[in-house]
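**Student:** Below: sequence and its predicted model.
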Amino acid sequence: MSHAEGHLPSDATAGIAQGVGARLTRKEDDRFMRGRGQYVADIRIAGLQDIAFVRSPLAHARIRGIHVLERFRDVVFTAADLTGVKPIRAVSGLPGFKISEQPVLATGKVRHVGELVAMCVAPSRAEAEDIAASVTLDLEELPAVYDMLGARDAGTALVHEHWGDNVFLESAFEVDITRAFDAPIKVTREISTARQCMSPLEGRGVVATFDHRLDQLTLYTGAQMPHIVRNGLSDCLDIEQGRIRIVSPDIGGGFGHKGILLPEEVCLAWLTMRKGCAVRWIEDRREHLTASANCREHHYRITVYADRDGRLRGIDCEATVDSGAYSSYPFSACLEAAQVASILPGPYRMPAYRCRTFSVATNKCPILPYRGVARTGVCFALEIMLDAVAVAAGIEPGEVRLRNLVSPDEMPFDNITRKHFDSGDYPQAMRRALAAIDIASVRARQRTREADGRLIGVGLSIYCEQAAHGTSVYAGWGIPMVPGHEQANARMTPDGGLEIRVGVHSHGQGLETTLAQIAYEILGIETNKVRVVHGDTALTPYSTGTWGSRSMVMAGGAVATACIEIGERAKRIGAKLLQLDPAMVTLRDGRVCGPNSSIALAEVAHTWYRRPQDLPPDVDPGGLESTSGYKPQRDSGTFSYAAHAVTVAVDPDLGEVEILDYVIVEDGGVLVNPMIVDGQIYGGLAQGIGTALYEEMPFDSAGQPLATTLADYLLPGPAEVPEPRLDHMETPSPYTMFGVKGIGEGGAIAPPAAIANAVNDALRPLGVELLHSPMSPRRIVEAVLAARRAERPAA
Amino acid sequence: MKAAAFAYERPTDLSATLALMARANGTAKLIAGGQSLGPMLNLRLVEPDLIIDISGLSELKWADRRGDELVIGACVTHGDIEDGRIPDVTRGAMQRVAGAIAYRAVRNRGTIGGSLSHADPAADWVSALSALRAQVALRSAAGARDLPVERFVTGALESALRPGEIVEAVRVPAMAASARWGYVKACRKIGEFAHAIAAVLIDPEQATARVVIGAVEAAPIVLADAAALFGGRITGDFERQFDARVADAILTKAGLANAADRHIHVAVLRRAIGEAASA
């Protein structure tokens, strides 16, 4: 195939549905499927030098010395060289939050394995690694804080000495908990989720260069939130924002990891200005696993109170999150744990509730927000507890959920932590999931013996996914980033095309397609004539970027608003050209239409740009370009949700779990492109299966990460991820443009809970209950053996 | 994760290879498929002065049936065996083992001789070829010798290879028509290194049983006469006679202290025996 062939304009969209709700093929896939995406590692700049970092081999140590060979003195840089560079500070305004300062190169102490100590510059990465290997560290090892529960004990080593303890933040929420204490059913469990690594296909990477003509630092970095990176860099380097340009090209998976300001980014920005040459750092898989991208490590001590019919009387919980050594920018070290307190009750009604949370500092790399953020752990804990209540009450788990879920006639609903649910029919989603998984036939099958000796189990989970959190939600957190009005710029081109500029970033979400669909919905301009520009602070309006499943709601709303504005202006120009009163024209199919005549938007654009002499005298001087801001009518977030149901076969001898059937009933409000939503769910499910069964980053008591390659850190592959059966409901949000809701994370939230419940359902005849993710073969076999020993006490 | 600098030679025949190895005096590493050595170089777990690439040696890329055995050149890939590009004397056993090694991309490049030389206890050939009573043909500038696979693999990542010595070929005896083969491994996902391997070659007519328990973080446990596992003698109902307590005791004696580990190994062994019984 000739190279040019792929660049021919596609006519594939002509005549097919392209607006909101169309299953349009993704525009961006043309370049991705041909291997023509451009990632940070693809960027070439003359004279580019590669960076390798000297990283701490110890989890906790005092730095006595860093020894650099004489011949490498001018290509190795340590904290002592970085004069004027400030540490990364991600402060939370929540009362009692203790501040950590993350030096971009270690100063005084190292606080986790993999912490940056020195950077080495060479013409190639291999040579830079040679130099890094020649640097010797004189470290005085200190006791490592490796266990978040022990970290709160008196006398434990301190990650940040001046704090006096190891707690970033303690938070609490309480409503009438004592009224639950006389409930006839009381179940208590200790539940935890392993530390994980996000593991997108592409790791982090940075290319930094300085443009003297523009007097501007340009940082190419895979960033979900380019404008936030600029804020952070400007703070650390103390240079004005206008002198910084962040370019975020194609990204091979973000999941939260690429929403974080990295010390590496600050280092390279400083270095290119110091040395005058372009510099590059591409994260390798070992760096990714051991020194970054950690997530998910939660622990719950939780008691659920219920009546005999399974109705919830209250939940009492103490939750701890291992936040690692530093507070990451901009989300802070407490977003995860503090959120637990407010989101634990989920979509259930209950009259009493108490939750205390601890964000604990340890000698591990900082915990970062991973797709689903706190919700995956919360869903795991709560849904396991719902099954425990079902067992205690002798009621089907599905029935217990149906008795406690918020009902559609209560919508909009404020739950016990005052989360405002905009819309939805949770019981219906659960009933549809139960019907699809055919719970009755699974129960019948369980009563017969499997020929291969395996045990069958069925598990459920349901969750709510608050998305597109707005100003009112984030102002309370007081972190360095609070989303306000989301802006988009839309500009018609003289030939009738449309350019859209947004500050969010698309890296798997398909925004280059879905934002074009929204523009088409408003203006009727064919989606193949709509270009979405993103990922460059020089070209796009300010935005907090892509996080929290917000882009479709926020940027989609902003694009619609900007397009509506352009449409109004185009109608006035069109009316003049049609010699009609502006009140008589409408916009339809890309044309300004009067009662008997019409004119194409392309002609209106041609007139504005190329024949201004034909414009009406009172034309809006803003023309066919608009930067418009948008917020939903209520910015407390959209609530999408899904019910998951899974059937598994568990081999009690080998501890292997096979997923036999997986059903997802999802309600994300109005879907702009249902095919893209399906893709989001498939990807999320794969990650959820990883959490449930495979992924774990263990540490030893010296704080050493033990899964340092992908041979040890197991990710599910194609053979481990079954094709789920999807069912969609569509309850519009009353607050957003088109009724859309954020849905980006949901797929990753519910699977660990549903699979855990299914495994426990299968193993219940053996007296086994697993409460820790991942449910690895080893954990299952150990639990089975322990249950056998308990059943057969020593003679 | 970039390899430290090394010199690279790509000899065109075996004698040149052996001469290079003799001169290097132990500071050289052979690379064939590179499926284990490649990552180890990049992780800087090994930093040899010299890499000798033998993937171009046609002398190591053939296989031939000679009398009652199959001789397989060291550079024959797992994929060659999986795809049936070499003769079969094991009634499909080797083909099935090869087809389940790691991923196809690994099988395309990884070689049988490389896998044995690397001597990873969790690798398939180390256990499977021990059970099949295979021999390795070794060669150095000083001469040639043969070793049974179970004596060639001496420990985790340890073999009987001497400095300057290379695995030239693997010799696999033809499987008797009355023999029953079973091979089972426990992996958490497709392509992962095994956590437990059992390979059994049982011949009720001859009343013999050869059992290998692999992936034990050491050289595999080879029971050349495994009658003790079956109540003292091998009969047609060997599956029913299998005594898991004996297997568990053997594993305990071999140093497997963890009960869950032993449980998984015994379960895998039981399944391999079951596979042999139904073969």
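**Tutor:** Cool, the structure landed.
**Student:** Could you list the buried residues of the helix or strand of chain A with the lowest mean pLDDT?
**Tutor:** In chain A, the helix or strand scored least confidently by mean pLDDT, DSSP states H and E is helix A:471-477, which has a mean of 91. In terms of neighbour count (16 or more other C-beta atoms under 10 Å in any protein chain shown), helix A:471-477 has its buried residues at A:473-474, A:477. C-beta: built from backbone N, CA, C; applies to glycine.
**Student:** Return the residues of the stretch 101-250 of chain B in contact with chain A.
**Tutor:** B:186, B:188-193, B:195 (C-beta under 8 Å from any C-beta of the partner chain).
**Student:** and these, which are buried?
**Tutor:** Buried, going by 16+ other C-beta under 10 Å: B:186, B:188, B:191-193, B:195, out of those.
**Student:** Among the residues you listed, which one lies nearest to A:Ala758?
**Tutor:** Top of the list for closeness to A:Ala758, among these and by C-beta to C-beta, is B:Arg188 at 17.6 Å.
**Student:** Quick one: residues contacting that closest one.
**Tutor:** A:656, A:693-694, A:714, A:776-777, B:195 (C-beta atoms under 8 Å, 6 or more residues apart in numbering or on different chains).
**Student:** Which secondary structure elements does the biggest helix by length in chain B sit against?
**Tutor:** Longest helix of chain B, by residue count under DSSP state H: helix B:259-277. Contact here means 3 or more C-beta pairs under 8 Å, 6 or more residues apart in numbering or on different chains; DSSP states H and E; on that basis helix B:259-277 packs against helix A:777-791, strand B:180-186, strand B:196-203, strand B:208-214, helix B:238-241, helix B:244-253.
**Student:** So what touches that helix?
**Tutor:** Taking C-beta under 8 Å, 6+ apart as the rule, helix B:259-277 contacts A:653-655, A:777-778, A:781-782, A:785, B:180-186, B:195-202, B:211, B:213, B:216, B:238-239, B:242, B:244, B:247-248, B:251-252, B:256.
**Student:** same deal with stretch A:120-129?
**Tutor:** So stretch A:120-129 is contacted by A:49-54, A:72, A:75-77, A:130-132, A:135, A:271, A:275, A:279, A:282, B:1-5, B:44 (C-beta under 8 Å, 6+ apart).
**Student:** Quick one: distance of that stretch to the chain centre.
**Tutor:** 33 Å (C-alpha atoms, centre = their mean, to the nearest Å).
**Student:** next one: stretch A:77-86
**Tutor:** The answer for stretch A:77-86 is 32 Å, by C-alpha atoms, centre = their mean.
**Student:** just to revisit the earlier point, could the contacts of B:Arg188 be laid out in CSV, adding distance to B:Leu157 and pLDDT?
**Tutor:** Shown next, in CSV, are the contacts of B:Arg188 (distance: C-beta to C-beta, whole Å; pLDDT from 0 to 100):
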residue, distance to B:Leu157, pLDDT
A:Glu656, 27, 97
A:Leu693, 29, 98
A:Tyr694, 25, 98
A:Leu714, 21, 97
A:Ser776, 25, 97
A:Pro777, 24, 96
B:His195, 17, 95
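**Student:** In the residues you listed, which residue is surrounded by the most others?
**Tutor:** A:Leu693 (28 neighbours; other C-beta atoms under 10 Å in any protein chain shown).
**Student:** So that residue is in contact with A:Pro716, correct?
**Tutor:** Yes - look at A:Leu693 against A:Pro716 with C-beta atoms under 8 Å: they come within range, at 7.1 Å.
**Student:** Where do the strands of the stretch 101-250 of chain B begin and end?
**Tutor:** For the stretch 101-250 of chain B, applying DSSP state E, counting those that start in this stretch gives strands covering B:135-140, B:143-148, B:153-155, B:158-159, B:166-173, B:180-186, B:196-203, B:208-214, B:221-223.
**Student:** Deepest in the core, which of the ones you listed is it.
**Tutor:** strand B:196-203 (a mean of 27; mean count of other C-beta atoms under 10 Å in any protein chain shown).
**Student:** Tell me how far it lies from the chain's centre.
**Tutor:** Using C-alpha atoms, centre = their mean, the offset of strand B:196-203 from its chain centre is 13 Å.
**Student:** what's near enough to touch the residue in the stretch 51-200 of chain B that chain A sits nearest to?
**Tutor:** Nearest residue of the stretch 51-200 of chain B to chain A (C-beta to the nearest C-beta) works out as B:Ile190 at 4.3 Å. Contacts for B:Ile190 were tallied using C-beta under 8 Å, 6+ apart; they are A:717, A:719-720, B:103.
**Student:** do you know how far A:Pro226 is from chain B?
**Tutor:** 28 Å (C-beta to the nearest C-beta, to the nearest Å).
**Student:** where does chain A have low pLDDT?
**Tutor:** A:1-15, A:793-795 (pLDDT under 70).
**Student:** Could you list the domains of it?
**Tutor:** Domain assignment for chain A by automatic domain parsing gives A:29-37+A:485-630, A:372-468+A:634-791.
**Student:** Please apply the same query to chain B.
**Tutor:** B:7-52, B:59-173, B:180-277.
**Student:** For the residue of the stretch 51-200 of chain A at minimum distance from chain B, the count of nearby residues, please.
**Tutor:** Taking C-beta to the nearest C-beta, chain B has its nearest neighbour within the stretch 51-200 of chain A at A:Ala126, 3.7 Å off. Residues near A:Ala126, counting by other C-beta under 10 Å, number 16.
**Student:** Quick check on it: phi, psi?
**Tutor:** phi -60, psi -40 (degrees, to the nearest 10).
**Student:** Quick check: nearest residue in space to A:Ala702, chain neighbours excluded?
**Tutor:** In space, and not counting its chain neighbours, A:Ala702 is closest to A:Ala144: 5.4 Å by C-beta to C-beta, 6 or more residues apart in numbering or on different chains.
**Student:** Phi first, then psi, for that neighbour.
**Tutor:** Dihedral angles (degrees, to the nearest 10) for A:Ala144: phi -90, psi 140.
**Student:** give the contact list for it.
**Tutor:** A:58-60, A:157, A:363, A:701-703.
**Student:** The same query, at a cut-off of 6 Å, please.
**Tutor:** A:59-60, A:363, A:702-703 (C-beta atoms under 6 Å, 6 or more residues apart in numbering or on different chains).
**Student:** Take those and keep only those in strands.
**Tutor:** Residues of the contacts of A:Ala144 located in strands (DSSP state E): none.
**Student:** among the residues you listed, which ones are buried?
**Tutor:** A:59-60, A:363, A:703.
**Student:** Quick check: buried residues in the very next helix or strand once past the least confident helix or strand of chain A?
**Tutor:** Downstream of helix A:471-477, the first helix or strand assigned by DSSP states H and E is strand A:486-492. Within strand A:486-492, the residues that count as buried by 16+ other C-beta under 10 Å are A:486-492.
**Student:** same question, stretch A:629-644
**Tutor:** A:630-632, A:634-644.
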